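>>> coordinates for the following, if possible.
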Amino acid sequence: LVTIASAMESFIQQLINERGLPDGFDADAVVAAIEQSLSASGIVVLSDLVPSLRVLYRPIFAHVIMDDSEEELNYVATETTHDDDDDDVLYEDGISSANTLRNRLHYLFGRLIEAISSVEHPILLFLDDLQWADASSLELLLSLLISWDHDDDATQRFLIAGAFRSNEVDEAHILRRYIQQFETTRSVSVTNIQLDGITKYGTHVLVSEALLLPLRLTRGLADIVYAKSLGNPLFVKSLLRQLVDENILRYSLSKKRWVWDINDVKSVSVDDNVAELMKHKLLRLPNEVQNALKLISCFGIQVSNDIISMLCTSSESSSEAIITYLEQAQEEHILGHNDQVYKFAHDMLQQSAYDLMSPEEKGACHFRIGLHLMSSLSKEASY
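All right, here's what the predicted structure looks like:
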């Protein structure tokens, strides 16, 4: 559920900050619609997964009393149970608490999407790296797609776009089973798009536009870049960065353009897989920067500023020091940063940073993170 909850969290933060919203979007009306659609108890339940709801609805959290009556839970379960999953049916004489919670979350997420979307402002939910999605997230997607009214074209306002690496999803992969369910469900329209590598001409255009030079001047360089990268976009970008770092591709002040020696370009060795290329990129960084990247890689592709602050408060590291190291990683285009989170520029960079640690180091790092977060939470609870 974390993947989808994270997307909802970003949207709620936009509502709070009133930034990044489309023209004509009535934020106040959406805030009121969420409260009306979810009710106070629903907002409290979802706030465990979407923490910004606590900021958006402070009065509710000051006064609300959770309504967990059996009548409401049975109603929610009935609304969210679908026919082809008999194990999820909740009976009056005894219900599964795990299934009850799951069904209620599915129902509430559906109500949340219904409240924040409209025909004028439809919702596009983009989920990257679905090959890593857990069963709970995929089950929520299935529930949202099946329960949504897809029959009336006039009410269409919800689209899910998912990306995954096809070479990592074989027939036995859990994602493949859910894709088959999406495709065989009559109420859902599925479009498959296969993205291949950049063509040779596409590489020529990319290099030409990156260097602000005409194609005739960059053709020789682009041919070598394409041959070494095989059209992999990440390889192309990383190879160009490597050429700059090694001063093979450099800007000439006298000629006022980028210059290179074609023989030097040909002599550059390139790793035959993305992981090794990313690893070598990280190993060129100072040890302190590497350690900071290892730390945040334990949280996945992104981590919030609040989490970093909690770790610094509960450890010997200062917040200023870690932020300085992360800013150095930003300068190397390894991380991106906005007001809320630090995010790896690519999931392969996150994986490479994580793999710089041995299995023993990974376990110890996760253990220390857990202790620090527990310590911070305990201090907050004591006030």
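
>>> contacting residues around stretch 240-252?
207, 210, 221, 225, 257-261, 264-265, 268, 270, 281, 284, 333 (C-beta atoms under 8 Å, 6 or more residues apart in numbering). Where C-beta positions appear, they are placed from N, C-alpha and C, glycine not excepted.

>>> what about stretch 264-283, distance to the chain center?
Distance of stretch 264-283 from the chain centroid (C-alpha atoms, centre = their mean, to the nearest Å) equals 26 Å.

>>> kindly check the end-to-end length of that stretch for me.
In stretch 264-283, first residue to last residue: 23 Å (C-alpha to C-alpha, to the nearest Å).

>>> so what does Glu286 look like in phi/psi?
Heads up, residue 286 is Pro, not Glu. phi -60, psi 150 (degrees, to the nearest 10).

>>> next one, pLDDT for it please.
You'll see Pro286 listed with a pLDDT of 90.

>>> OK, contacts around it?
So Pro286 contacts Tyr325, Gln328 (C-beta under 8 Å, 6+ apart).

>>> roughly how far apart are it and Ile296?
The gap separating Pro286 from Ile296 is 16 Å, by C-beta to C-beta, to the nearest Å.

>>> likewise for Ser118?
Counting by C-beta to C-beta, the gap from Ser118 to Ile296 is 37 Å.

>>> who has more neighbours out of the two?
Taking other C-beta atoms under 10 Å, Ser118 and Ile296 do not tie; Ile296 has more neighbours (27 against 16).

>>> chain center to whichever helix or strand Leu240 is part of, what's the gap?
Using DSSP states H and E, Leu240 maps to helix 233-245. From the chain centre to the centre of helix 233-245 is a distance of 24 Å (C-alpha atoms, centre = their mean).

>>> in that helix, which residues are buried?
Within helix 233-245, the residues that qualify as buried are Leu234, Phe235, Val236, Lys237, Ser238, Leu239, Leu240, Gln242, Leu243, counting by 16 or more other C-beta atoms under 10 Å.

>>> so what's the residue lying farthest from the centre of the chain scoring on pLDDT?
Centroid-distance maximum for the chain: Ser254 at 43.6 Å, with C-alpha atoms, centre = their mean. Here the pLDDT value assigned to Ser254 is 94.

>>> does it count as helix, strand or coil?
Secondary structure assignment for Ser254 (DSSP: H, G, I helix; E, B strand; the rest coil): coil.

>>> ok, which stretches of the stretch 151-300 of the chain are helices?
With DSSP state H, counting those that start in this stretch, the ranges of helices along the stretch 151-300 of the chain come out as 174-184, 200-211, 215-229, 233-245, 262-267, 274-283, 287-297.

>>> any chance of those helices in JSON lines, with distance to Ser352 too?
Below are the helices of the stretch 151-300 of the chain laid out as JSON lines (distance: least, C-beta to C-beta, whole Å):
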{"stretch": "helix 174-184", "distance to Ser352": "23"}
{"stretch": "helix 200-211", "distance to Ser352": "23"}
{"stretch": "helix 215-229", "distance to Ser352": "17"}
{"stretch": "helix 233-245", "distance to Ser352": "11"}
{"stretch": "helix 262-267", "distance to Ser352": "24"}
{"stretch": "helix 274-283", "distance to Ser352": "4"}
{"stretch": "helix 287-297", "distance to Ser352": "8"}
